[in-house]
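Peer 1: model this:
(chains A and B)
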Amino acid sequence: MNLIKELTWRGMLQDIMPGTEEQLNKEMTTAYVGFDPTADSLHIGSLVPILLLVHLQKAGHKPIALVGGATGMVGDPSGKSEERNMLSEEELNKNIIGVRSQLEKFLNFDATLPNAAELTNNYDWFKGISFLDFIRDAGKHITVNYMMAKDSVKKRLEGDSGMSFTEFTYQLVQGYDFYWLYKNKNCKLQMGGSDQWGNIVTGTELIRRKTGGEAFAFTCPLIKKADGGKFGKTEKGNIWLDANKTTPYQFYQFWLNASDSDAATWIKIFTFLPETEINSLIVTHDANPADRILQKKLAEELTKFVHGENELEKAKETTEKLFSNAKASVDSLSVEDLASIEGIVKTNYSAEKIKAGVDILSFLAENSIFESKGAARKMLQNGGVSINREKITDLQMMVDKNNLLHNKFILIQVGKKNNFLIAVE
RNA sequence: GGGCAGUUACCAGAGUGGCCAAAUGGGGCGGACUGUAAAUCCGCUGUCUUUCGACUUCGGUGGUUCGAAUCCACCACUGCCCA
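Peer 2: Here you go, the predicted structure:
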């Protein structure tokens, strides 16, 4: 399989350095992608770089995932309009462990393979390099003029928040990573998001000047929504790959909610389905967009990829229960149905209080569905709250045992998509 | 070290003594329409609260004033220029 051709039709190729394809065709090539340990889990924004590594390995090359323990301490100015806050070392270490364990799920680390994946942490080599060593070894080979010409730097110089020396140095630090991997692991290729292009090129430049060797690079486009919105953010923040932070159900829902135009682009990027299959899916989808064939397939494939078959099934079941009969009365949900709903917010509530009756505002606030009664009131007035699928507009309403489903549950919806299940016992 | 400009809510950005919880735009949330899309339209968006009202906000601390985001002093931070 030709990696470059594969990535091209999938729309995963933005910039590519001349000679990269030849290099890949010539021999098994080692390539790396860097991941930022800014949080203890990766989110779906990191999914594309991960997929680059997976595709690379599938094509018979050797992937290295680099966790930026050192670079994380510096802070990448790319795409940032302001100086970043520094993470404490402790936080950083926690994050590195989290990120590392996730990457392990997606790549094949079987050491018997010639192209087994590898994980590295650039802190391992940076910790032994002194500042003086660094500015002599790396700094001497790259001019400030060169570094200033980078987009990430230029933007910050033109802006009005300035840039610290620390962040200015970032590209050199990242460049040194590439050089180090080139020298020690025969890594000749770096991949990443297109915002990384500048940093990556500094690396190839450093390699060329220090060793006279040749290194290559390509980047993938940054994923955007068709309406220009930020990808991967919802009202609840990032979509994480960690099931504890974003449940598989929420994860599944995120993809299911993709717009038509996004779904067609995303299914190529985020799934491994072959071109012919995707094309026919698109045709089917266009014939009847309301069925959302693309969204469903996208959501299925990805949830399976990230969380596994089991979790996918559960996510689909929950979706089925909460949405497919949304118009039907709640009575159609059995005790088992309700008890086994997974992935949504569940809370317990005291049976005594229900027996006595609670006013709706207190009830919503006490169950942390809203932060305060005031917030609950506003939402109620906006017509955004349903109890057991019936829209509530009466602010005085009392919640009591008549509202219990199967004597035990209360199903609350805020908006169309936010479901809460209260178990009363 | 010197000079100049600035710091307002999630972001951008108006407001330069009372009509300011603070314009406007973006973002976010909710509603209508739909397909759990997109586009469009409508509402909400400091906190708490029985929509009364109370409380806390305009970098920080003090002050002037009946009254301060607005005036004064000092401090902090940021940017630009000079050394």
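
Peer 1: How about chain A: which residue is closest to RNA strand B?
Peer 2: residue A:162 (2.2 Å; CB to the nearest atom of the strand). No exception for glycine: its C-beta is placed from N, CA and C like everyone else's.

Peer 1: thought that residue was touching residue A:153?
Peer 2: No - Residue A:162 is beyond contact range of residue A:153, at 11.4 Å (criterion: CB atoms under 8 Å).

Peer 1: When those two are compared, which one has more neighbours?
Peer 2: The neighbour comparison of residue A:162 against residue A:153 (other CB atoms under 10 Å) goes to residue A:153, with 20 against 10.

Peer 1: Okay, buried residues for the one helix or strand the more buried one maps to please.
Peer 2: Element membership for residue A:153 (DSSP states H and E) is helix A:151-158. By 16 or more other CB atoms under 10 Å, the buried positions in helix A:151-158 come out as A:152, A:153, A:156.

Peer 1: go on, stretch A:183-203?
Peer 2: For stretch A:183-203, by 16+ other CB under 10 Å, it's A:187-203.

Peer 1: how long is that stretch end to end?
Peer 2: One end of stretch A:183-203 to the other measures 12 Å (CA to CA, to the nearest Å).

Peer 1: Compute the number of surrounding residues for residue A:276.
Peer 2: Residue A:276: 8 neighbours (other CB under 10 Å).

Peer 1: So for it, what pLDDT did the model give?
Peer 2: If you check residue A:276, the pLDDT there is 95.

Peer 1: where exactly do the strands run in chain A?
Peer 2: Counting by DSSP state E, the segments of chain A that form strands are A:30-35, A:62-67, A:118-121, A:187-193, A:216-220, A:233-234, A:237-238, A:345-349, A:358-359, A:385-387, A:390-391, A:398-399, A:409-414, A:418-424.

Peer 1: Mind listing residues that contact the last one?
Peer 2: Counting by CB atoms under 8 Å, 6 or more residues apart in numbering, strand A:418-424 makes contact with A:322, A:338, A:341, A:344-351, A:354, A:367, A:369, A:404, A:408-414, all of which sit outside it.

Peer 1: Excluding sequence neighbours, find me the nearest residue to the residue located most distally from the centre of chain A.
Peer 2: Largest separation from the mean C-alpha position in chain A: residue A:356, at 45.1 Å (CA atoms, centre = their mean). With sequence-adjacent residues excluded and distances taken as CB to CB, 6 or more residues apart in numbering, residue A:356 is closest to residue A:400, at 7.6 Å.

Peer 1: Spit out the contact partners of the residue nearest the centre of chain A.
Peer 2: Geometric centre of chain A, nearest residue: residue A:44, 1.3 Å, by CA atoms, centre = their mean. Residues near residue A:44 by CB under 8 Å, 6+ apart: A:231, A:232, A:238, A:239, A:240, A:241, A:254.
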